[in-house]
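Asker: this one's sequence-less:
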Ligand code: CAA
């Protein structure tokens, strides 16, 4: 599928979705959000993609937010539609049944920080900067920022970031647990690919079910969550990969031939 504002590539089990509007620091306009939704559907259906990496084009910005020029003159209903579309894009990433790694290569502001938070794991380059600047523009975060930030970092920290709109650097984002790792910009993609390969070496169905168990389990009480985990655990025993994984262990065999079946 051809896109105008995003680029989707794949290589050896890894899909890479690059937000590609460098002139606007990869800001998310409606067209880009719709393309993200479409690209995620392509990834969902492509069995050759086991892990997805999301990054931004250029060396300055991951995504500098939702497109302010587009939002400026919106009325309430248009704002609502825009928020619904943005949330649809973020949720499609969060709900994608494959791990998603954000390789944050610069500004991750507003909708950019929100995009990174919809991913499972965030790696930042040393030049990355995070903020939720919305309150300074007269709006609340609109693509899940008030919800996902407060779930990812301590609530007081999330409130401080959102109320003050202050920008934090990659090291501070690491300190508060917003990102898993900070690396030099030139090492960012290699680090993301290494992380993706560390996931790919495992049984893809098991990893996919782990994502479901964690994401759905975090929404409900612990008894419901544990019951859900037990169901998924049971389902694994119907897969060829469970037999392969355990047979390899018993045979003291390092090489495993997982078939995603
Ligand atoms: N929307 C639209 N255009 C944007 C943009 C955005 N979020 N961020 C940057 N751009 C554009 C600039 O307008 C500029 O375009 P022109 O060259 O045509 O003037 C171009 O990208 C380069 O940006 P700057 O010249 O501003 O670059 P800089 O290095 O001086 O500053 C920056 C970089 C600090 C990131 C600054 O661009 C900035 O503050 N951007 C806005 C960040 C922001 O407030 N994001 C939150 C948006 S609201 C939101 O995301 C709502 C939500 O939750 C859904």
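Answerer: Structure's in. What do you need? None of these values were measured; they are calculated from a predicted model.
Asker: how far away is residue 47 from residue 238?
Answerer: Noted for residue 47: a distance of 18 Å to residue 238, by CB to CB, to the nearest Å. Using the backbone N, CA and C atoms, a C-beta is placed for each residue, glycine as well.
Asker: now do residue 154
Answerer: For residue 154, the distance to residue 238 equals 40 Å [CB to CB].
Asker: and the closest residue to the ligand within the stretch 101-250 of the chain, what is it in contact with?
Answerer: Here the residue of the stretch 101-250 of the chain nearest the ligand is residue 110; by CB to the nearest ligand atom that distance is 2.4 Å. Residue 110 sits next to 64-66, 131-134, 141, 143, 145 when contact means CB atoms under 8 Å, 6 or more residues apart in numbering.
Asker: filter the residues you listed by proximity to the ligand?
Answerer: 64-66, 133-134, 141, 143, 145 (CB under 6 Å from any ligand atom).
Asker: so stretch 30-47, near the ligand or not?
Answerer: No: on the criterion CB under 6 Å from any ligand atom, stretch 30-47 is out of touch with the ligand, staying 9.4 Å away.
Asker: would you mind listing the buried residues in that stretch?
Answerer: The neighbour-count check on stretch 30-47 (16 or more other CB atoms under 10 Å) flags 30, 32-40, 43 as buried.
Asker: contacts for it next, please.
Answerer: With CB under 8 Å, 6+ apart, stretch 30-47 has contacts from 1, 3-6, 8, 10, 15, 17, 19, 21, 28, 49, 52, 67, 70, 82, 85-86, 88-89, 92-93, 96-98, 260.
Asker: hey, which helix is longest across this structure?
Answerer: Secondary structure of the chain per DSSP state H: the longest helix is helix 76-95.
Asker: please narrow the ones next to the ligand among the contacts of residue 110 to those residing in helices.
Answerer: residue 145.
Asker: distance from the chain centre to stretch 120-136, please.
Answerer: Put simply, stretch 120-136 sits 13 Å off its chain's centre (CA atoms, centre = their mean, to the nearest Å).
Asker: any buried residues in it, and which?
Answerer: Neighbour counts over stretch 120-136 (16+ other CB under 10 Å) mark 120-125, 127-134 as buried.
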